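>>> Have a look at this prediction, sequence included:
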2 protein chains.
Amino acid sequence: MAENDSKLKLLGTWASMYAIRVKIALNIKSLEYEYYEEPSEGNSELLLKSNPVHKKNPVLIHGEKPICESLIIVQYIDETWPSRGHAILPSDPYERAIARFWAAYIDEKWFPTVKDIGWAAWGEGEREEAKKAAMAPVDEGSVLLEEAFGKCSKRKPFFGGDQIGFLDIAMGTTVRWLKAFEKLWDVEILSEAKTPALLKWADNFCSHPAVKDVLPETEQLVEFALVIAAKLRAAAAAPPPK
Amino acid sequence: MAENDSKLKLLGTWASMYAIRVKIALNIKSLEYEYYEEPSEGNSELLLKSNPVHKKNPVLIHGEKPICESLIIVQYIDETWPSRGHAILPSDPYERAIARFWAAYIDEKWFPTVKDIGWAAWGEGEREEAKKAAMAPVDEGSVLLEEAFGKCSKRKPFFGGDQIGFLDIAMGTTVRWLKAFEKLWDVEILSEAKTPALLKWADNFCSHPAVKDVLPETEQLVEFALVIAAKLRAAAAAPPPK
């Protein structure tokens, strides 16, 4: 197991829900790591060298080996240190398949529809109507995730049962961003009326010991999103580069 | 292990590279299954019930449990029957992370660029120039995959070493489609000049005992693609539905 003792470095940005997934997995396993905050514009040399394909954070560097893509990193951490902390992936292969299915659904289908609300809320024309239309697929997805929570958690506090697991990490790292978007765009994504179980779960997740110190505050994300939006607007208004 | 003996049903379509991935994994583990060919238009009742979220094949039904998404199904099969046939995922967590990384790259980045050549080859205007532009990201990706093959295979015949593994299945099920597209669009995707190792690997893969009987012939895919393209053209030319 000597190799597993190699140093861990995490390259991330404070606001990235993907980097936060890795921080939570490392916390669950009580692993020490050096954290490197990536520059707010562009990428560090180390990141470009470590993830030349996607040029994105997070990257976990274990000894000399870079591992990329947040959910792949979380699985790597769980598989490399199976006996530290608690298991992140369910032990049952079917439950594991279900957790992977919903985690992919969140990243590839649902969260993109959440981000689309922004185009409606900050776009041209009939914003209220556009926002309403943009909320339809988000609500549809939230209801599916509410049902998935019921089935996965089996009346326990987390998707993973008594402890936070793979799907908690995948979904839970969206929560503060959801709250920021709710404030920014005056919408309701998780609510007592539509997703009562997820609303309670979100509170449980955000106050979990492996989570609470690595989540950014909603207000910080609101400010950050406003800065990004202003930059995007300025770029759209500027003449195209020659 | 009684539960693992439950009956297996696979819902797929003969031309789907995603369904073929599951057939290969089932072959590697010498598992018997009932195969249900989905209708060429629309989906069966059983598919809609089993995969209400994505409404797509393949779905593997194990006893009463449906598992969706090809790469998740392949992992499920490997994890449920670890001691049958050979291991599909590498045993080393880092090698496993690398296999997952490139499999996701193929599905999310590279293969979509391959399909984009079709828009150029069958589109309006300067087709040769458009095709050349569309080939640039495909070639860039092929070279990355050629390098990945060198690193993963360690001079052995497959990404998985001496045996076909997870990444062989993910990449290998594109091969006959690549050949069909090369014929249809008069392009070269894998070639002696650009990707000599992958070209040789593709032959090894397609003649592997777990693979050779479940791959469609290139000519069948060419004909199938022409039918689909004709339908798409007719739909585009038709007046929009009221």
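That came through, no problem. Residues are numbered from 1 along each chain as shown, chains lettered A, B, ... in the order given.
>>> residues from chain A in reach of chain B?
For chain A, the contact set with chain B under CB under 8 Å from any CB of the partner chain comprises A:53, A:62, A:65, A:67-69, A:72-73, A:75-76, A:79-80, A:93-94, A:96-97, A:100-101, A:104-105, A:109, A:144. The way it works is simple: take the backbone N, C-alpha and C, and place the C-beta from them, glycine included.
>>> among these, which are in strands?
A:62, A:65, A:67, A:68 (DSSP state E).
>>> And these, which of them are buried?
Buried by 16 or more other CB atoms under 10 Å in any protein chain shown: A:62, A:67, A:68, out of these.
>>> which one of those is nearest chain B?
residue A:67 (4.9 Å; CB to the nearest CB).
>>> Quick check, that closest one in contact with residue A:73.
Yes. Using CB atoms under 8 Å, residue A:67 makes contact with residue A:73 at a distance of 5.0 Å.
>>> any residues in contact with both of the two?
A:60, B:97 (CB atoms under 8 Å, 6 or more residues apart in numbering or on different chains).
>>> The helix or strand containing residue A:197 - contacts with which helices or strands?
Assessed by DSSP states H and E, residue A:197 sits inside helix A:196-206. For helix A:196-206, the elements it packs on are helix A:127-153, helix A:166-172, helix A:175-185, judged by 3 or more CB pairs under 8 Å, 6 or more residues apart in numbering or on different chains; DSSP states H and E.
>>> Buried deepest among the ones you listed, which one?
helix A:166-172 (a mean of 26; mean count of other CB atoms under 10 Å in any protein chain shown).
>>> Next, residue A:36: phi, psi?
Backbone geometry at residue A:36, expressed as degrees, to the nearest 10, gives phi -120, psi 120.
>>> how about residue A:57, what does it touch?
A:11, A:12, A:13, A:16, A:18, A:19, A:38, A:43, A:47, A:51.
>>> make it 10 Å
A:10-13, A:16, A:18-19, A:22, A:36-38, A:43-44, A:47, A:50-51, A:68, A:70 (CB atoms under 10 Å, 6 or more residues apart in numbering or on different chains).
>>> same thing with residue A:186?
Per CB under 10 Å, 6+ apart, neighbours of residue A:186: A:121, A:127, A:128, A:131.
>>> Quick check: it vs chain B, distance?
Residue A:186 is 29 Å from chain B, where distance means CB to the nearest CB, to the nearest Å.
>>> show me where pLDDT drops low in chain A?
Where chain A drops to pLDDT under 70, the residues are A:1-3, A:240-242.
>>> Break it into its domains for me.
Here the domain parsing of chain A from automatic domain parsing is A:2-80, A:93-225.
>>> Nearest to residue B:178, out of those?
Residue B:178 sits nearest to domain A:2-80 of all these, at 19.9 Å, using CB to CB.
>>> Surely residue A:70 touches residue A:18?
Yes. Shown here, residue A:70 and residue A:18 form a contact pair, counting by CB atoms under 10 Å, at 3.9 Å.
>>> Now the common contact residues for those two.
A:12, A:56, A:57, A:58, A:107, A:170, A:173.
>>> The third one and chain B: what is the separation?
Shown here: residue A:57 relative to chain B, a distance of 15 Å by CB to the nearest CB.
>>> and if you look at residue A:228?
23 Å.
>>> Give me the contacts around the helix or strand harbouring that residue.
Residue A:228 belongs to helix A:218-237 when elements are defined using DSSP H and E. By CB under 10 Å, 6+ apart, the residues outside helix A:218-237 that reach it are A:13-15, A:17, A:40-41, A:118, A:121-122, A:175-185, A:215-217, A:241.
>>> Am I right that residue A:190 falls within a strand?
No. Read with DSSP: H, G, I helix; E, B strand; the rest coil, residue A:190 is coil and lies in no strand.
>>> What about it, how many residues nearby?
21 (other CB atoms under 10 Å in any protein chain shown).
>>> With residue A:227 instead?
10.
>>> Repeat that for the one 10 residues further on.
Residue A:237 has 7 neighbours, counted by other CB under 10 Å.
>>> That one and residue A:231: what is the separation?
11 Å (CB to CB, to the nearest Å).
>>> Please apply the same query to residue A:146.
Applying CB to CB to residue A:146 and residue A:231 gives a distance of 35 Å.
>>> and if you look at residue A:197?
37 Å.
>>> Those two: who's more crowded?
When residue A:197 and residue A:231 are compared for neighbours, residue A:197 comes out ahead with 15 against 11, by other CB under 10 Å.
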